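Enquirer: Dropping the sequence and predicted coords here.
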Amino acid sequence: MNCEELRDSFELYSLGLLEEGAEKDEIHAHLERGCVACNAAMKDALAVQSLILSQAPEVVPPARLKRRVMGAVGVQPMGWTWFAAACAAAMLMLALWFNVVAGDRGRQLAEARQALSQSEAERVRLEAVFRFLEEPETKQVNFGAPQNAAPARERLRASRGWACC
Amino acid sequence: MKLVPIWLAFAVLQLAVRLKEDSDLARRLRDRDPKVMGVIYDRYGRLVYSLIHRVVRDTGVAEDLTQETFLRIWNRAQAFDVEKGALGPWIVTVARNRAIDYLRSSDGRMASKSLELADIEHPSRFAGMDDQALSLDRARRVKEAFERLTPNQKTVIELAYYEGLSQTEMAERMQQPLGTVKTWVRAALKAMRDQLGEAAATV
């Protein structure tokens, strides 16, 4: 058989589906002896096969499959680059954590100081009030009630200002 | 077989334009750099898995056979001619053959056939593959040719490519005379070949 007669059988041959027989033996013989036309026909058939097979509906493989494949060819899953990246990530996390914690503490500290100073101010003011009240010259004044016309009934202590209850 | 959506056309385009880049990968394969398998997996992993899954219809088996495919690529890389990197077609063929072998072993069909598949998928068959073999134009023509087939012609193509049925087995499956099935197969393959022949003539 010549190459032209065999031309139609290369697809099936490339798929391993050519039945046992004269055609199959001939193709095998032509390929083995380096027949240019038949080798070209074989390559064409394999190219067509690839094109057809690549039209299979897409199914996404699980992520672990790449690790399996790489493991099978002997590539370490955790190279030094992974380790370095892990360290960098860990350091970043630590830095962020410290920043957050420090910021938190700072805020708490500021809040505490502010509360303290507020209560301190309040204490000072109350102390002043009590002192004012306890001093002998201080008299209680009722606004609106009939009073004798003694001047400056309400006690003003200029240095202390009003004590209003 | 579903009509080819945009992403598939793109995938085949990628297959074509990466022919040049494939030769670099082939070189790294020959130089036994295992990390190149990561690049190769990124490029072909999904296609291989999808194709095998289409054949075996089982995700677990598809995973195992995908791993086997890439391991085989790695182990036989030194026989691959790096001058013209037709890496894609080789990988796809190895993948399909693993899947067909599995089908055959699991249902007891003609185990001897696995020997001839090994011969077909030898890397030397893919060396020197015409750069134009996987052009986008050819891919489009194959797709169009397939779409123009009659339903029976489409069925026999699927049975051949995705299930590895011989024509005798097809006749049995389709409950048709062997002669009829052979006619469908011949017509389908001729139609697809003619489409590609036209492309070759105009190039």
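Expert: Here it is on my side, so go on.
Enquirer: what's the burial count for A:Ala63?
Expert: 7 (other C-beta atoms under 10 Å in any protein chain shown). Using the backbone N, CA and C atoms, a C-beta is placed for each residue, glycine as well.
Enquirer: Report pLDDT for it.
Expert: Among the per-residue scores, A:Ala63 shows a pLDDT of 94.
Enquirer: Quick check: phi and psi on it?
Expert: Note on A:Ala63: backbone dihedrals following degrees, to the nearest 10 are phi -60, psi -30.
Enquirer: Now do the contacts for it.
Expert: Listed by C-beta atoms under 8 Å, 6 or more residues apart in numbering or on different chains, A:Ala63 has no contact partners.
Enquirer: any idea which helix or strand of chain A has the worst average confidence?
Expert: Scoring the helices and strands of chain A by mean pLDDT, DSSP states H and E places helix A:80-134 at the bottom, with a mean of 79.
Enquirer: What segments of chain B are helices?
Expert: Here chain B has its helices, by DSSP state H, at B:6-17, B:19-30, B:36-56, B:59-76, B:87-106, B:113-120, B:136-147, B:151-163, B:167-174, B:178-202.
Enquirer: can you put those helices in a markdown table and add mean neighbour count, distance to chain A and mean pLDDT?
Expert: Converted to a markdown table, the helices of chain B look like this (neighbours: other C-beta atoms under 10 Å in any protein chain shown; distance: least, C-beta to the nearest C-beta, whole Å; pLDDT from 0 to 100):
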| stretch | mean neighbour count | distance to chain A | mean pLDDT |
| --- | --- | --- | --- |
| helix B:6-17 | 16 | 6 | 66 |
| helix B:19-30 | 19 | 10 | 74 |
| helix B:36-56 | 22 | 4 | 94 |
| helix B:59-76 | 19 | 5 | 95 |
| helix B:87-106 | 23 | 4 | 90 |
| helix B:113-120 | 15 | 5 | 68 |
| helix B:136-147 | 19 | 4 | 82 |
| helix B:151-163 | 19 | 5 | 95 |
| helix B:167-174 | 17 | 7 | 94 |
| helix B:178-202 | 16 | 5 | 81 |
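Enquirer: right, so of those, which gets closest to A:Lys43?
Expert: With C-beta to C-beta as the criterion, A:Lys43 lies closest to helix B:87-106 of the helices of chain B, at 8.8 Å.
Enquirer: Counting by contacts, list what the closest one packs against.
Expert: Secondary-structure packing of helix B:87-106 (3 or more C-beta pairs under 8 Å, 6 or more residues apart in numbering or on different chains; DSSP states H and E): helix A:36-53, helix B:19-30, helix B:36-56, helix B:59-76, helix B:113-120, helix B:151-163.
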